[in-house]
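Q: Give the three-dimensional model of this entry:
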Amino acid sequence: MSHQPLPTSRPTVLITDYAWPDSAIEADIIEGAGFRLVTGPVRPAPADVIAALAVEHQPAAIMTNWAPVSAAAIAGCPPLRIIARLGVGLDNIAVDEATRRGVWVTNVPDYCVEEVSDHAVAMLLAWARGLVGFDREVKAGRWEPAGARLRRVRELTCGIIGFGRTGRRTAAKLSGFGVRLLAYTRRAVPDANGVEMTTLPDLLRRSDVVMVHLPLTPDTRHLLDRERIALMKPGALLVNVSRGAVIDSEALVDALEGGRLAGAALDVLENEPRVPPGLLRPDVILTPHIAFSSDASLRDVRRKASEEVVRVLRGERPLQGRNAIR
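A: Numbers count the residues shown, from 1 in each chain. Got it, this is the predicted structure:
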């Protein structure tokens, strides 16, 4: 659904892009509150296109899914009061520039905790039980159960890097399988609920499965580089359902090709949607950045992000402000 600009004094809300069929939920909430909605292209456009849209429409609010909201887009839009991420990560928003100009940046940190943790656990189970490979084998006419080399999940040690909402929920779900749980986080954890907190090198050395639940920041970019991947236990699985650039893709490919790792399960890639040819292997499970997605989670993120926009445009403080605005 596209809304063309009309002569009006109502504050404008620009949606840069969205990963669902229409903008009906957003329109119901935003236009129902008396504001005007304008939508950009459905697929995320480059930063210069988004900046041009911001200059053209001069929105009081920008809502973005994947499209980059650059410093230029923010600077070219004096009426701007809030940038609302239709998701969790903020790596596609120039947060420092927004803060400098007194523009709120918000996200929806809790909308997909269940879905992402489900996805991480599902990837572990699919690897341990050989589901993807044997599905392909049977459909290709091969019925060879004697070739199975599978794992007892209960005997695995699972290390979780990042122990926030989603990391904790993943740990809670895995505890039901009786696995040994390790976790690494830079923040103090007062109550780990039976999870052993340890250092990152120790977690990598001891874990049969390493799961990444981290935001992408300057500190976490390529956190799992060649040196740290080399610390991983031989035959381990690396699962990433957070941000692709937390892992050095070339180093991961080399570890797989060299036989150090038994596999990888990735919902995110460093330069998605481009898939490195070295990851197109039978021992790699790939999904197209959909760990966050379910009917329920998409309703939640769209509603909560829209409500934050309305809240700020009415002069109130957001519930999930991610930057310090007085």
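
Q: which residues of the stretch 101-250 of the chain fall in strands?
A: 104-106, 157-161, 180-184, 196-197, 209-212, 236-240 (DSSP state E, counting those that start in this stretch).

Q: Dump those strands to JSON lines, plus mean neighbour count.
A: Bear in mind the C-beta positions are built from the backbone N, C-alpha and C, glycine included. Listed next are the strands of the stretch 101-250 of the chain as JSON lines, based on neighbours: other C-beta atoms under 10 Å:
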{"stretch": "strand 104-106", "mean neighbour count": "25"}
{"stretch": "strand 157-161", "mean neighbour count": "25"}
{"stretch": "strand 180-184", "mean neighbour count": "22"}
{"stretch": "strand 196-197", "mean neighbour count": "14"}
{"stretch": "strand 209-212", "mean neighbour count": "26"}
{"stretch": "strand 236-240", "mean neighbour count": "26"}
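
Q: Please give me every residue in contact with the closest residue in space to residue 64 that isn't next to it in sequence.
A: Nearest non-adjacent residue to residue 64, counting by C-beta to C-beta, 6 or more residues apart in numbering: residue 16, 4.4 Å away. By C-beta atoms under 8 Å, 6 or more residues apart in numbering, the contact set of residue 16 is 40, 44-45, 50, 53, 62-65, 67, 69.

Q: now, which of these lie within strands?
A: Using DSSP state E to define strands, the subset of the contacts of residue 16 located there is 62-64.

Q: Over to residue 96. Which of the three states is it?
A: helix (DSSP: H, G, I helix; E, B strand; the rest coil).

Q: That one - nearest residue in space that isn't next to it in sequence?
A: residue 71 (7.9 Å).

Q: rewinding a little: of all the strands of the stretch 101-250 of the chain, which one comes closest to residue 268?
A: strand 236-240 (5.7 Å; C-beta to C-beta).

Q: Name the residues linked to residue 105 by a beta bridge.
A: For residue 105, the beta-bridge partners are residue 83 (DSSP bridges).

Q: That one and residue 90 touch, don't they?
A: Yes - using C-beta atoms under 8 Å, residue 105 is in contact with residue 90, at 6.4 Å.

Q: joint contacts of those two?
A: Joint contacts of residue 105 and residue 90 (C-beta under 8 Å, 6+ apart) are residue 322.

Q: From residue 117, how far out is the closest residue to residue 154 other than its chain neighbours?
A: Once flanking residues are discounted, residue 154 sits nearest to residue 178: 4.3 Å by C-beta to C-beta, 6+ apart. Separation of residue 178 from residue 117 (C-beta to C-beta, to the nearest Å): 17 Å.

Q: Those two: which is more packed in?
A: Neighbours were counted for residue 178 and for residue 117 using other C-beta atoms under 10 Å; residue 117 has more, 25 against 12.

Q: pretty sure the more buried one contacts residue 173?
A: Yes - using C-beta under 8 Å, residue 117 is in contact with residue 173, at 5.8 Å.
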